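In: 3D model of this:
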Amino acid sequence: MGWASPPLHSATILWMYFVLPVFAELQRVQHQPKHDGTLNFLVVGDWGRKGKYNQSLVATQMGKMGDILDLDFVVSTGDNFYKSGIKGLNDPNFVQSFSNIYTAKSLRKQWYSVLGNHDYRGNALAQLSPILRRIDRRWFCQRSFILNAGVADFFFIDTTPFINKYFNTSSRHYDWRGVLPREKYIKNLLKDLEEALVKSSARWKIVVGHHAIRSIGHHGDSVELINHLVPLLKANNVDMYINGHDHCLQHISSINSPLLYLTSGGGSKAWRGDVKESDSDVKFFYDGQGFMSVQITETETKFAFYNAFGDRIHHSRVTKSTMHPVS
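Out: So this is what the prediction gives:
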């Protein structure tokens, strides 16, 4: 999967920057589930370091677990390429950190990805470009989109523009093309998300973003997401919010709703060494590298966390009655 793309002509690049639509509206993608309706996928975040910091080791274990589960796809929770995203469509970091690392046959499925804050430090539009699929056909990355996968609907959300500190510092460059004016972008995104959640009739609703809502890891809770997203998620019976950003693995339950907060940000560099106190209901925390698996049926969702050696270090499940609620 690590073949190189031909050089891109200037006209093609101009098309990407000025013709390719960049907007907050939630685009809709279809993924056909298995014949029995089940859905199996892996989740990894904060990974792109050319195999270093145990990225290759985690990738190997993901491949082994992928064989066991017969994967439908892989979810990436952002910070796909360190330290500053990719520079452009021909940046070798894309192949060196993605195509050349996740080489297992079981991982040659579609990867659905969102941008993280480190991705915004580079050429964000390049990661969003469909031209990258000429290099590796597995790659699919948009700011925000809906993935309809039969028994479950996934709502991938661009969380970086919500975080105030990225706009209050001049020490780093962020590629805000397509985001500014920020207030309008966030307002439209929240409106589109609410409409999509209300319309969804899927058995399971899963929201994916880069930044944690609840976390006891290095970065901690995201106050902006607690204020903007949590009311929408709870009001529309979202089952779980999956994120990266903190380089760890976490399972946190809501105090007053069924909503779960699941962090899978251990794709490479981890071991931060600090843990924050929280009034959240923390079920599991691992300050190290690894990934998560999720298995979904009509009545049950099972998820598990694995370390860089493939050991299952935590697992849990959520069940639903076979009787659908009366609307």
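
In: Give the rounded mean pLDDT of stretch 160-171.
Out: Across stretch 160-171, the average pLDDT comes to 90.

In: okay, how far is it across it, tip to tip?
Out: 17 Å (CA to CA, to the nearest Å).

In: How about residues contacting it?
Out: With contact meaning CB atoms under 8 Å, 6 or more residues apart in numbering, stretch 160-171 is reached by 78, 115-117, 119-120, 172, 174, 176, 179, 182, 185-186, 189, 210-211, 222, 224-225, 228-229. (C-beta placed from N, C-alpha, C; glycine too.)

In: what about it, distance to the chain center?
Out: Relative to the centre of its chain, stretch 160-171 is centred 20 Å away, using CA atoms, centre = their mean, to the nearest Å.

In: Tell me the buried residues in it?
Out: Residues of stretch 160-171 classed as buried: 160, 161, 162, 163, 166 (neighbour count, 16 or more other CB atoms under 10 Å).

In: Filter the residues you listed down to the ones in helices?
Out: Using DSSP state H, no member of the buried residues of stretch 160-171 sits in helices.

In: which pair in those spans the largest distance?
Out: Maximum pairwise distance among the buried residues of stretch 160-171 (CB to CB): 9.2 Å, between 162 and 166.

In: Identify the bridge partners of the closest residue to residue 132 other than its chain neighbours.
Out: Nearest residue to residue 132 in three dimensions, chain neighbours excluded: residue 139, at 5.1 Å (CB to CB, 6 or more residues apart in numbering). Legend: beta-bridge partners of residue 139 under DSSP bridges are residue 111.

In: Residue 139 contacts residue 113, correct?
Out: Yes - counting by CB atoms under 8 Å, residue 113 is a contact partner of residue 139 at 7.2 Å.

In: who's more crowded, these two?
Out: residue 113 (26 against 22; other CB atoms under 10 Å).

In: ok, the residue nearest to residue 132 - contacts?
Out: By CB under 8 Å, 6+ apart, the residues touching residue 139 are 98, 111, 113, 132, 133.

In: Find me the pLDDT at the fourth one, would you?
Out: Among the per-residue scores, residue 132 holds a pLDDT of 97.

In: So it belongs to a strand, correct?
Out: No - per DSSP: H, G, I helix; E, B strand; the rest coil, residue 132 lies outside any strand segment and is helix.

In: so how far is residue 58 from it?
Out: Going from residue 132 to residue 58 by CB to CB, to the nearest Å gives 22 Å.
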